[in-house]
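Colleague: need coordinates for the below:
(3 chains)
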Amino acid sequence: MTDTNNYTLGMLAEHIGAQLQGDARAEIYGLQTLQSAKSGQLSFLANPSYQRYLEGTEATAVILHPDMASAFGGHKLVVSNPYLAYAKLSKLFDKQQAVTAGVHPTAVIDDSAQLGIGVSIGPNACIGRDVCLGAGVVVGANSSVGAGTVIGARSRLYANVSIYHGVSIGDDVTLHSGCVIGADGFGNAHEVVDGEFRWVKIHQLGGVRIGDRVEVGAGATIDRGALDDTVIEDGVILDNHVMIGHNVKVGRNTAMAAKSGIAGSTEVGENCIIAGGVGIDGHLKIAGGTKFTAMMLVTKSITEADSYSSGTGMQRTKIWRKNAVRFSQLDKIVGRISLLEKTIAKLLPKGE
Amino acid sequence: MTDTNNYTLGMLAEHIGAQLQGDARAEIYGLQTLQSAKSGQLSFLANPSYQRYLEGTEATAVILHPDMASAFGGHKLVVSNPYLAYAKLSKLFDKQQAVTAGVHPTAVIDDSAQLGIGVSIGPNACIGRDVCLGAGVVVGANSSVGAGTVIGARSRLYANVSIYHGVSIGDDVTLHSGCVIGADGFGNAHEVVDGEFRWVKIHQLGGVRIGDRVEVGAGATIDRGALDDTVIEDGVILDNHVMIGHNVKVGRNTAMAAKSGIAGSTEVGENCIIAGGVGIDGHLKIAGGTKFTAMMLVTKSITEADSYSSGTGMQRTKIWRKNAVRFSQLDKIVGRISLLEKTIAKLLPKGE
Amino acid sequence: MTDTNNYTLGMLAEHIGAQLQGDARAEIYGLQTLQSAKSGQLSFLANPSYQRYLEGTEATAVILHPDMASAFGGHKLVVSNPYLAYAKLSKLFDKQQAVTAGVHPTAVIDDSAQLGIGVSIGPNACIGRDVCLGAGVVVGANSSVGAGTVIGARSRLYANVSIYHGVSIGDDVTLHSGCVIGADGFGNAHEVVDGEFRWVKIHQLGGVRIGDRVEVGAGATIDRGALDDTVIEDGVILDNHVMIGHNVKVGRNTAMAAKSGIAGSTEVGENCIIAGGVGIDGHLKIAGGTKFTAMMLVTKSITEADSYSSGTGMQRTKIWRKNAVRFSQLDKIVGRISLLEKTIAKLLPKGE
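Modeller: Next up is the predicted model:
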């Protein structure tokens, strides 16, 4: 663990192209929220609702939008997008232990594997036949990389990652612990043998292709294709427990929050925002830029980018229960309305 | 990795009992979709909506239903169920590295464990006390098998599988990476000590029994029973992230898609189809042959096999939101209808 | 595996403070349900609906409420809360292999790590720099503990657990296989570079703090905080596949069933009961004692403890589908009702 990630305010301003209002020599050792920051730390104001913490903060300096600059008396880094500036600085203050290049003696690496310059392979990691790891790849403890898999430069696997055979992963990809890339898609035919229904497994002959700058969350799974590959394009970010079925294609820079999933052969366009717990049926096509709200079920293709939803709002259970009963009678209830409409039409004077 | 999985069309026809129309000596090196197939590959037409790709395919041969045979000019394998035929052939073209029998020197195997003929144990796998592995069992890298667990012939654990103690697994079972078999069921009593509510863990004394030909997807979990065992019968197929609670029983050949789950002590019958994201409450009984549509919540026992659903359809968020508001008023809205009905009844001439 | 966990009925009565009605010297070797119990086993009656099994049980003794004592003729342990009594006794009958202290020779332990008395470290486990393990900690096979992490006394990690750097875990915590503690929270800013939308990762500089007596289910994930820590307080129980986002706080003794999840920065109070599959949006505050029913979506803060729900009831798909169509027209349907009301108002005699 690095003991210090200290910078002067001037260095930080330069790093994010901020206008510095204050002392360029002020030393900053960490980032923190306005509420928790101590002297020596840098904070930021991105969400207006946190403005109330600005006055009382102990932060040595704050990243601010020009409109807010007058509201704070200390040192300031003024930028048009404080949240983005914070994101860019966050990397500098990451105290995570620097990874040292080299292969741990307990790692098991097939002789045919090719390791790029500066590769780091952790204890008990297993690298299969004909695997190719780009320069600076980091493989965490107890991770496993299957035969013929190719991983691009600077990509990182944390501990206990499982990658099957024949997977292709781009540069600067992050795979968190417990994720599984390239397990079999859920493909089964059925037959009836001696009167019994039986599943017949369809061997999954395709692979998985993951682009550059993709992040895959803890415990997420991306299945291999049945015949063609499953494809995750550049810049896609997947949160924990995301599930990508076989032959799915996820377009560039699409974001999927935790526990969302996509069934087989669906194509999701670029720049989509898929909230937590969303399920997307198989064999659909989703237009780029589409948004899905939390825990909805997507049952139809989308040709026009917009925000889509399903489900109901939340209520106290005792009130909700009455409404849920009415939902289950809804078609009949509408029949009562139609009958009322007809009855009233007869009661009305002619021509009305 | 095997470099070739080449067959003649005649061998393939014989393997699936197809009527061959064309050259029995034609060489086939792979399976592919109609759209992506190249010369030397075999394709299939199962879904009529793909018929439009038949004319332009570069496949050397196609598996077809007799009704479609006249629509294709190349070599044909004619069968009554092309999808099943494709499933059966898929195994022949699986280029996955053949597993070699033997115990990797880094595997840790308790002296009391019994290993059948042809067992393959990968690097850093751990086999506990009194474990019994049948002939041809494959244990992937970094997997762990707990004390007293028994695994039947030809079953395969991929990398990073976790099996607890006292689990029983049948023949020809496939366990994908990250799945966990036999963790504690979620059983807790509570007590109030010095005014504070506290959970008291119920130790889970049962095990898990898994039948033959079961497949368990990546990251799926099957908990051990509280007193009796959790039971997964023969031929059940479970997709990624499936969750099976303690003392659940899943009947023969039932299929559960990704992210579905069953709470404690529920019994699901044979041949059920449980779609993705379905949740099934505890202590229920589900009739064999039942179908549940995606992301529904099952709150009641089912005595009659049929398809069941819950939830709402999807809409644009701005329209959906208005309807969701109305849902939350639904019982009151029905009150308005009842009042209208009474009012109109008074307005109507007597006897109408 | 211990071959016997045998006790006399007198010892068991004393252990749970039960009134013994019967032979204190009767030997008990196991716990079992009323239906499955054999001679020599102890059973219990907690749920009145199981009373019908009381007469036919082969159990040597039964734990009973005083009101039920007269309904059983055999040996009895009479207590006010039979379920709690069963929970407390379950530990005695756990036949799980006793863990032996010591470090397996294949474990990889950084020289700087501090191991308490009686620590047990399994095969191929990896313990990082400056890790501190309390007395009696058990680390399962192939688990990984990141740099600087501190784990309290008697806590247990099963096989294939992944803990990142800088995590703090209390005493008597249980972490099941496949769970991941301290992976990056899902924090991303965005920018537009050369016309393309791009995500910019926010490095997650906070940690995770887990209290005492917490249980984390198989495959569950708890993300590290963005700046401050993610916090799980004492006594919290989390089932399989639970997902805790960054900077979430879960209050004392709250229970979360399988597949439930909480998005970033939400604070859940003490003693909440969160059923399976529940999703809770980010940045909310949930009052202590709140209950959420299965698979609901929580979109608003809760200030008053009660039970809350969302969704609809289940129905046969063909009936449900009609009602779902009506849901999607609901706002317009209410418009029809309003029109009817106005029309009728005009038809009514003045003053009515």
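Colleague: how about stretch A:267-279 and chain B, touching?
Modeller: Yes. Stretch A:267-279 lies within reach of chain B by CB under 8 Å from any CB of the partner chain, at A:Gly279. No exception for glycine: its C-beta is placed from N, CA and C like everyone else's.
Colleague: so is that stretch next to chain C?
Modeller: Yes. Using CB under 8 Å from any CB, stretch A:267-279 reaches chain C at A:Glu270, A:Asn271, A:Gly276, A:Gly277.
Colleague: if any of these are buried, put those into a PyMOL selection.
Modeller: In PyMOL, a selection of the buried entries from the residues of stretch A:267-279 next to chain C looks like this (16 or more other CB atoms under 10 Å in any protein chain shown):
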select buried, chain A and resi 270+271+276+277
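Colleague: got a markdown table for the residues of stretch A:267-279 next to chain C, with pLDDT and secondary structure too?
Modeller: Below are the residues of stretch A:267-279 next to chain C laid out as a markdown table (pLDDT from 0 to 100; DSSP: H, G, I helix; E, B strand; the rest coil):
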| residue | pLDDT | secondary structure |
| --- | --- | --- |
| A:Glu270 | 97 | coil |
| A:Asn271 | 97 | coil |
| A:Gly276 | 98 | coil |
| A:Gly277 | 98 | coil |
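Colleague: if we take the residues of stretch A:267-279 next to chain C, which one ends up nearest to chain B?
Modeller: For those, the residue nearest chain B by CB to the nearest CB is A:Gly277; the value is 8.1 Å.
Colleague: which residue packs closest to the closest one, ignoring adjacent ones?
Modeller: Once flanking residues are discounted, A:Gly277 sits nearest to A:Met295: 3.9 Å by CB to CB, 6 or more residues apart in numbering or on different chains.
Colleague: up against chain B, what does the stretch 251-352 of chain A have?
Modeller: So far as CB under 8 Å from any CB goes, the stretch 251-352 of chain A lies against chain B at A:259, A:261, A:263, A:279, A:281, A:291, A:293, A:295-300, A:306-313, A:315, A:319-320, A:322-323, A:325-327, A:329-330, A:333, A:336-337, A:340, A:343-344, A:347.
Colleague: cutoff 7 Å now
Modeller: A:261, A:263, A:279, A:281, A:293, A:296-300, A:306-313, A:315, A:322-323, A:326-327, A:333, A:336-337, A:340, A:343-344, A:347 (CB under 7 Å from any CB of the partner chain).
Colleague: what's the answer for the stretch 51-200 of chain A, then?
Modeller: A:108, A:124, A:126, A:129-130, A:142, A:144, A:147-148, A:160, A:162, A:165, A:178, A:180, A:183-184, A:186, A:188-189, A:191, A:197-200.
Colleague: in PyMOL, how would I select just the buried ones from the residues you listed?
Modeller: Buried residues among these (16+ other CB under 10 Å), as a PyMOL selection:
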select buried, chain A and resi 108+124+126+130+142+144+147+148+160+162+165+178+180+183+184+186+188+189+198+199+200
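Colleague: so who does the closest residue in space to A:Ser328 that isn't next to it in sequence touch?
Modeller: In space, and not counting its chain neighbours, A:Ser328 is closest to C:Gly313: 5.2 Å by CB to CB, 6+ apart. The contact partners of C:Gly313, by CB atoms under 7 Å, 6 or more residues apart in numbering or on different chains, come to A:Ala324, A:Phe327, A:Ser328, B:Ser310.
Colleague: what about chain A, any weak spots by pLDDT?
Modeller: Within chain A, the stretches with pLDDT under 70 are A:1-4, A:351-352.
Colleague: sec struct for A:Lys91, please.
Modeller: helix (DSSP: H, G, I helix; E, B strand; the rest coil).
Colleague: A:Leu284 - how many residues pack around it?
Modeller: The number of residues packed around A:Leu284, counting by other CB atoms under 10 Å in any protein chain shown, is 18.
Colleague: thank you kindly, that will do.
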